[in-house]
Structures are given as C-alpha cells and as structure tokens.
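**Q** need a structure here:
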Amino acid sequence: MRPRTPVSSASAPGTRALRLHGTIARDLGVRIVTGRLAPGGVLDGEIAASEQLKVSRTAYREALRILAAKGLVESRPKLGTRVSDPGVWHLLDPDVVSWIFSAHPDERLLNGLFELRTIVEPAAAALAATRRSTEQLHTLRRALDDMAAESLAVEAGRQADRLFHSVLLEASGNPFLASLTSGIAAAVTWTTIFKQRSAPLRRDPLPDHQRVYEAVERRDPAAARAAMTDLVRLALLDTTRGSPLRRPPAARRARRR
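**A** Have a look, this model is predicted:
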C-alpha cells in the first residue's frame, strides 16, 4: 500500500471544513460516551449550536451525521437530535473506542471490552495456528521484532502491536472474526496508551506475544489459545492496576448503600 500524500489546504478547499466537523464530532462524542451528555438528552439545535460554537451550520450538521453513523445520536423531524441509548452505540468503531479512552473509561465498558477480547482473540489465535500462511507468520515475526526494537512507548511500537493482533484475526481464516480487526486493533492501541497515562509500563508484554507467536508457529492451537488468554488477562491487569476508573452513576450509588 502506498503511503498517503499529505493534501494541502490550497489544493483542497474543503480540508479545513472536514477537520472542523470531525473535531466537533469528537468533542460531542467524548461528552456522550463519558456520560456528560446523557441518553435521551436533546442536543442544541443547528442554529443555536453553530452560533455557540462559532462554526457554520454545515459543519455542525456534518458532525451530527458522523455521530449518527456511529449510533451515538438519532435525529427525528420536529423532535430534534437526541443522544441514543448505549445499546445501539457502535462500540467497536475505532473513533468511539478512542473517545471512551479520552478520560478514565467507564468500568463497565472497559471490562466489557476485555471480555470481548477474551472471547475473540484466543479463538482467533487457535484457528490461526492451524490456518496461518507462511507469509502471515513472517508478518507476525516482523511485528514482534519491531515491538522489541521500538517499545510500546512510541507510535512505531504500538503500530507493530496493532499489526500483530490484526494479522492473527486475519490468519484465523474466518471472515467474521477478520471483520473485527479495526475495532480490536483500536482497543489494543488505546488500552496500551491508557496503561502509560501516568508512568511507563511496569511489565514488558513482549514475552506474552512471543508465546502466542511460538504456538502459532508450531501449529499448536491449544497452546495458542492458552497463550492469548494469558496475554489478554495480563493486559487487563496492567490496564486496571492503580486506575481510578469511572463507574456509571448507578454503580456509584449502589456502592454507597
């Protein structure tokens, strides 16, 4: 795949508007997934919101379309735009995952995300152990080498980590598992960033990945499943260790009783 060539604003007059409505969508999206805009709440109308934000009505309208496509809001004639129930949010959308981790994530969402990874990734690793191609194995090896050379403290290392997990899903040979690649990759990236929010990683996760690789290399599905289960379990411990996670309001009230 060829690297994308940066587009200058001079050659693309709509670039600034595109960045603007994306920024508006992100700001609103963060407020929704962190609970500052509650489900059922009505957003400001197009005219009032655009005046308050000092943006064009077009930019605000496009931002709402982005959020609607991700299931976060719903617009109805005469009723306005309301925040959707969390049950219809597209939680594995890479943008939504990043917004969840923009602050301290809701404990329920964080645990749910790792439960999903615990279900999906060990199964994918087991399938990959029997179905992977030589090329996919080489890509996994290269990702491990890049992780070792760069570390997860920098983007190049995190990109290698994303590649490792993505290739395993693709190597499963199951198109439905492979369709989860972008969401799982986003989860891997943002949990890794979150783990390092206040201090470097206390534990090197590279050996965990190495064990998965070795099981896939020798075509041992049981060992691959076990190794990936341990990898995800330890990643959750790293993520929650010493973390003041945000609990949903109902959970906080229940704990005070």
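
**Q** lowest confidence element among the helices and strands of the protein?
**A** Across the helices and strands of the chain, the lowest-confidence element by mean pLDDT, DSSP states H and E is helix 249-256, at a mean of 46.

**Q** can you count the residues close to residue 216?
**A** Neighbourhood size, residue 216 [other C-beta atoms under 10 Å]: 28. C-beta coordinates here come from the backbone N, C-alpha and C atoms, glycine included.

**Q** that one: what's it in contact with?
**A** When contacts are counted by C-beta atoms under 8 Å, 6 or more residues apart in numbering, residue 216 is found next to 125, 128-129, 132, 137, 140, 168, 171, 224.

**Q** I'd like the residues you listed as TSV, with neighbour count appended.
**A** Output for the contacts of residue 216, formatted as TSV (neighbours: other C-beta atoms under 10 Å):
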residue	neighbour count
125	29
128	30
129	25
132	23
137	17
140	23
168	32
171	25
224	29
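
**Q** residue 40: which of the residues you listed is nearest?
**A** Comparing the contacts of residue 216 against residue 40 with C-beta to C-beta places residue 168 closest, at 39.2 Å.

**Q** start and end of stretch 175-183, how far apart?
**A** Using C-alpha to C-alpha, to the nearest Å, the end-to-end distance of stretch 175-183 comes out at 14 Å.

**Q** that one: which residues count as buried?
**A** By 16 or more other C-beta atoms under 10 Å, the buried positions in stretch 175-183 come out as 177, 180-181, 183.

**Q** could you do stretch 70-77 as well?
**A** 70-74.

**Q** what do you get for stretch 95-108?
**A** The neighbour-count criterion (16+ other C-beta under 10 Å) identifies 95-102, 104-107 as the buried residues of stretch 95-108.
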